[in-house]
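Engineer: Here is the input, now give the coordinates:
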Amino acid sequence: MGRPHALLLPYPAQGHVLPLMELAHSMVSHGFIVTFINTHFNHARLLSAMPTFSNTNPSINFISIPDGMQPGDDRNHIVNLCKALMTVMPLHLEELIIKMMHKQPEQDKPTCLIADESMGWAFHVAKKTGLRVAAFSPASAATSTNMRNIPKLIQDGIIHEHDGLAKTPGTYICDVWKTGMKMIPDENNMITKEQIKDKVEELLGDGEIKNRALAMKEIAIKSVEKGGSSFENLNTFVSAIKQELLVDGQMKLMVVTLSLSLRLSVGTRMAKDWSHGEVLKAIFPLLDGKDLIACMLVCRQWRDVARDDYLWKCICARRWPSFCKRPHPTLSYHKLFITFSRPPRPQPLLPPRLSFNDLEFYIDLWSEEQLLFSEAISGSVLRMGMKNPPPGVPEVLRVHLDGPDYKMVMHVDPRFTIPLGRTVTVSILIGRKDTNEVACIVNRSVFDYVDGSAFRALAYDYLKFSPGHPFISGIRAWVSLLFMGNSNENIIDVFGIEIDFCDAASSETEVLWLLDMLDWK
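Structural biologist: A predicted model of the protein is given here:
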């Protein structure tokens with residue numbers, strides 16, 4: 001068994017990249033190999049800065065994939081950047097993972113993916129490729145804690161539920177922790193430089209504020225030192241990866257949760273004055289459902305405590321206080337909890353009512369007003385995919401076509417070429433022989449992105465569903481033109497067409513159910 005190999009994927013912004021880089025170095029110190037995945041743009045900036053790094057670690061490998069934006073595009077435009085990331089990066093990340101799983105020696109294959117929580121699409125990619133996955137939050141501990149305790153902050157009256165973006169950290173810093181000074185805007189809602197100057201002088205001259213800040217600094221430093229909570233949490237996390245302690249693809253950091261609850265509930269009295277049973281009963285009402293169930297599965301004492309229905313009432317009263325005020329006379333709080341607190345389990349799909357033998361796809365391609373391709377393709381042909389790509393297919397495409405995810409692909413024979421810069425559009429209708437009805441998948445959509453590194457041109461359109469499914473929307477049909485590598489960079493040589501519905505369907509059964517819900521005419 002080789003060293004564990006973690007793939008780290010940051011959101012492409014400085015405040016996100018640097019914290020994940022710190023985690024990379026920490027994981028290397030715990031025996032990991034790390035592959036740090038940047039965008040091409042950020043990777044170039046990193047390489048230009050490399051001469052300034054005297055401690056570059058050989059166990060951290062840097063690699064890059066496209067972000068979907070052109071070199072001159074404004075990456076400070078958050079909306080455009082996020083749209084490009086969600087459209088283009090999943091395809092490249094999936095191909096990178098598949099390539100690493102197939103090409104690298106067994107001991108060097110990736111073990112897990114740790115992605116910035118702002119890159120939520122990456123978790124779907126990890127699931128498709130069979131990698132374990134964890135989310136990383138680059139925000140400060142104070143910000144993360146505030147975000148996860150918004151309901152309690154509303155309940156305590158610190159923020160108002162209808163106030164939009166609240167200045168919660170300022171409230172804590174000035175009124176609760178008392179380590180800062182509050183600015184008061186003038187009648188024009190401005191903070192003057194004179195007020196800033198006065199507040200800075202007052203802050204620097206206040207000995208009590210300084211002492212409180214130093215005390216909090218000491219607590220923070222101790223948490224990252226050996227034996228501290230952050231130090232132990234990181235050890236628990238990396239141990240979970242190494243020991244494969246996973247449930248449904250997510251880390252069960254049970255020790256972290258328990259140690260936090262112990263500190264909150266019993267403090268230093270626990271070791272001297274409390275029995276194990278008393279400790280468990282004190283912690284019991286503080287736990288949420290998933291942590292509680294996990295504890296009961298591994299600990300006999302927890303199961304003994306759980307027989308007391310009063311303790312289950314403590315849990316239920318936090319979730320359904322109005323119901324617990326006037327419960328049914330025969331109510332068992334334990335039964336109430338296990339009935340409504342279980343996480344939903346994925347249900348297996350029923351056999352689809354459609355089959356590919358019933359379907360026919362009508363595909364038309366235009367280069368401006370010139371018809372390039374026009375064929376009726378049976379569903380069974382698309383279902384088979386491209387088993388034998390033509391000679392000379394680029395390696396990245398071959399890896400993609402051999403990948404485990406479901407895709408519908410067909411050969412284009414004869415092949416055709418398109419000059420770059422021409423507007424190419426596609427329309428696809430689909431017919432079903434069992435009902436003699438037709439539905440539209442793509443309606444004159446433009447191939448507006450040509451990915452030269454993946455040898456694909458992409459177009460999409462939103463599917464139109466039957467009125468019988470009013471709550472289903474926002475699912476796209478993707479069409480890709482697959483082209484050969486060519487010495488002439490101004491021409492693409494198309495040899496195949498791929499259709500997929502990766503927004504929602506990743507198997508043959510899911511695709512057939514999705515097609516069955518279309519607005520058939």
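Engineer: Phi first, then psi, for the residue nearest to the spatial centre of the chain.
Structural biologist: A centroid search over the chain (C-alpha atoms, centre = their mean) returns Gly120, at 2.1 Å, as the residue closest to the centre. The phi/psi pair for Gly120 (degrees, to the nearest 10) reads phi -60, psi -30.
Engineer: where does the stretch 51-200 of the chain dip in pLDDT?
Structural biologist: 51-56, 103-104, 107, 141-142, 144-149, 153, 156-172, 175-177 (pLDDT under 70).
Engineer: what about 80?
Structural biologist: Scanning the stretch 51-200 of the chain for pLDDT under 80 picks out 51-58, 71-72, 102-108, 139-182, 187, 189.
Engineer: Let me see the ranges of the helices in it.
Structural biologist: 78-103, 121-129, 141-148, 150-155, 168-171, 193-205 (DSSP state H, counting those that start in this stretch).
Engineer: closest to Arg353 out of those?
Structural biologist: Ranking the helices of the stretch 51-200 of the chain by proximity to Arg353 (C-beta to C-beta) places helix 121-129 first, at 25.5 Å. Quick note: C-beta positions are derived from backbone N, CA and C, even for glycine.
Engineer: By mean pLDDT, point me to the weakest helix or strand of this structure.
Structural biologist: Taking mean pLDDT, DSSP states H and E as the measure, the chain has helix 254-265 as its least confident helix or strand, at a mean of 33.
Engineer: before we move on, back to that, check contacts around the residue nearest to the centre of the chain.
Structural biologist: Shown in contact with Gly120 (C-beta atoms under 8 Å, 6 or more residues apart in numbering): no residues.
Engineer: One more: the one 4 residues further on?
Structural biologist: Going by C-beta under 8 Å, 6+ apart, His124 touches Pro90.
Engineer: what do you get if the cut-off is 10 Å, keeping everything else the same?
Structural biologist: By C-beta atoms under 10 Å, 6 or more residues apart in numbering, His124 lies in contact with 90, 94, 133, 502-503, 506.
Engineer: Throw the residues you listed into TSV and include distance to Thr179, thanks.
Structural biologist: Formatted as TSV, the contacts of His124 follow (distance: C-beta to C-beta, whole Å):
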residue	distance to Thr179
Pro90	42
Glu94	46
Val133	37
Cys502	48
Asp503	46
Ser506	49
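Engineer: Would you point out the most distant pair within these?
Structural biologist: Val133 and Asp503 (18.8 Å).
Engineer: quick one, domains of this structure?
Structural biologist: In terms of domains, the chain is parsed into 5-138, 148-188+195-224, 253-340, 356-516 (source: automatic domain parsing).
Engineer: measure the closest residue to Lys83 other than its chain neighbours to Asn490 for me?
Structural biologist: Spatial nearest neighbour of Lys83, chain neighbours left out: Gly68 (7.9 Å); criterion: C-beta to C-beta, 6 or more residues apart in numbering. Separation of Gly68 from Asn490 (C-beta to C-beta, to the nearest Å) stands at 21 Å.
Engineer: Over to Val133?
Structural biologist: 40 Å.
Engineer: More neighbours: the two, which one.
Structural biologist: Taking other C-beta atoms under 10 Å, Val133 and Asn490 do not tie; Val133 has more neighbours (21 against 8).
Engineer: What's the separation between the more buried one and Leu93?
Structural biologist: Counting by C-beta to C-beta, the gap from Val133 to Leu93 is 12 Å.
Engineer: Now for these two: what residues contact both?
Structural biologist: The contact lists of Val133 and Leu93 share 7, 9, 113, 115, 122, 125-126, where a contact means C-beta under 10 Å, 6+ apart.
Engineer: Just flag the most distant two among these.
Structural biologist: The widest separation within the shared contacts of Val133 and Leu93 (C-beta to C-beta) is 10.4 Å, between Leu7 and Val125.
Engineer: sorry, back to before: contacting residues around the residue nearest to Lys83?
Structural biologist: 39, 80-92, 449, 451, 458.
Engineer: my read: Leu81 touches Asn42, true?
Structural biologist: No: the criterion here is C-beta atoms under 10 Å, and Leu81 misses it with Asn42 at 11.6 Å.
Engineer: so what sits against both of the two?
Structural biologist: Counting by C-beta under 10 Å, 6+ apart, the common neighbours of Leu81 and Asn42 are 12-13, 67, 75.
Engineer: Now rank those by neighbours and give me the top one.
Structural biologist: Pro12 leads these on contacts (other C-beta under 10 Å) with 23 neighbours.
Engineer: what helices or strands is the lengthiest strand in the chain leaning on?
Structural biologist: Secondary structure of the chain read by DSSP state E shows that its longest strand is strand 408-419. For strand 408-419, the packing partners by 3 or more C-beta pairs under 10 Å, 6 or more residues apart in numbering; DSSP states H and E come out as strand 359-367, strand 370-378, helix 379-384, strand 476-484, strand 491-500.
Engineer: how does it look with 6 Å?
Structural biologist: strand 491-500 (3 or more C-beta pairs under 6 Å, 6 or more residues apart in numbering; DSSP states H and E).
Engineer: Check which residues of the very next helix or strand once past the strand it packs on are buried.
Structural biologist: Next helix or strand after strand 491-500 toward the C-terminus (DSSP states H and E): helix 508-516. Judged by neighbour count using 16 or more other C-beta atoms under 10 Å, the buried positions of helix 508-516 are 511-515.
Engineer: Quick one: mean pLDDT over helix 508-516.
Structural biologist: The pLDDT scores in helix 508-516 average 93.
Engineer: What are the contacting residues of that helix?
Structural biologist: When contacts are defined by C-beta atoms under 6 Å, 6 or more residues apart in numbering, helix 508-516 is touched by residues 349, 352-354, 406, 501, 505.
Engineer: Now do that helix and strand 491-500, the angle between them.
Structural biologist: Per axes from the mean of the first three to the mean of the last three C-alpha atoms, to 10 degrees, the angle that helix 508-516 makes with strand 491-500 is 90 degrees.
Engineer: and the angle from helix 508-516 to strand 408-419?
Structural biologist: Using the same axes, to 10 degrees: helix 508-516 against strand 408-419 is 70 degrees.
Engineer: Specify the angle between helix 508-516 and strand 359-367 in degrees.
Structural biologist: Going by the same axes, to 10 degrees, helix 508-516 makes 80 degrees with strand 359-367.
Engineer: what distance separates helix 508-516 from the middle of the whole chain?
Structural biologist: The chain centre lies 24 Å from the centre of helix 508-516; the measure is C-alpha atoms, centre = their mean, to the nearest Å.
Engineer: end-to-end on stretch 23-36?
Structural biologist: Start to finish, the residues bounding stretch 23-36 are 11 Å apart (C-alpha to C-alpha, to the nearest Å).
Engineer: Return the distance of the nearest residue to Pro351 once chain neighbours are set aside relative to Leu214.
Structural biologist: Leaving aside its sequence neighbours, Pro351 sits nearest to Thr509 (C-beta to C-beta, 6+ apart; 7.6 Å). Distance of Thr509 to Leu214, computed by C-beta to C-beta: 61 Å.
Engineer: Could you do Ser140 as well?
Structural biologist: On the measure of C-beta to C-beta, Ser140 and Leu214 end up 18 Å apart.
Engineer: Let's verify Leu458: helix, strand, or coil?
Structural biologist: Put simply, Leu458 is strand when judged by DSSP: H, G, I helix; E, B strand; the rest coil.
Engineer: which residues does it bridge with?
Structural biologist: Beta-bridge partners for Leu458, by DSSP bridges, are Tyr449, Ser480.
Engineer: Sweet, I'm off.
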